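Asker: Provided below for reference: sequence and predicted model.
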Amino acid sequence: MNNWHDKTIVVVDDIEINYILIKKQLQKTNATTVWLKNGQESVDYIKSNKEVDLILMDIRMPVMNGLEATKQIKRIDSNIPIIIQTAYVVGEEYDSINESGCDDYFFKPILAKELYEKLEKQFLK
């Protein structure tokens, strides 16, 4: 099992149960998790120079969606890995995900094994 005791993972999702599920999956890794409820909160969090090793970003949220937040965060600090998480993607949204500048993406429900693999890949870059 990965020991990411020195990693802070920000989960941006407006639905609390989604955060709880990810937090539960990450408990075994000892990573610190932070929950933010929309894209604007994530942009503000990054602007305040908080320590962030990776962001898991939902797409559909109030105030600011995840794709716009990803673009803004990448302009602030292009080195922060951002993995888009979404329940559904249709047609042009694939292009939008790629254009956002994200580092990777996956579909909900998130399987723990896939989550660990994608995080490990980003942490090893």
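Answerer: In hand now; what should we look at?
Asker: does Asn18 touch Lys108 like I think?
Answerer: Yes - between Asn18 and Lys108 there is a contact under Cβ atoms under 8 Å: 7.1 Å. To be clear about C-beta, it is placed using only N, CA and C from the backbone, and glycine gets the same treatment.
Asker: more crowded one of the two?
Answerer: Neighbours were counted for Asn18 and for Lys108 using other Cβ atoms under 10 Å; Asn18 has more, 19 against 15.
Asker: and the more buried one, how close does it get to Tyr105?
Answerer: 15 Å (Cβ to Cβ, to the nearest Å).
Asker: name the nearest residue to the residue most central in space within the chain, sequence neighbours excluded.
Answerer: Geometric centre of the chain, nearest residue: Leu56, 1.0 Å, by Cα atoms, centre = their mean. Take Leu56 and drop its neighbours on the chain: the residue closest to it by Cβ to Cβ, 6 or more residues apart in numbering is Val11, 4.8 Å away.
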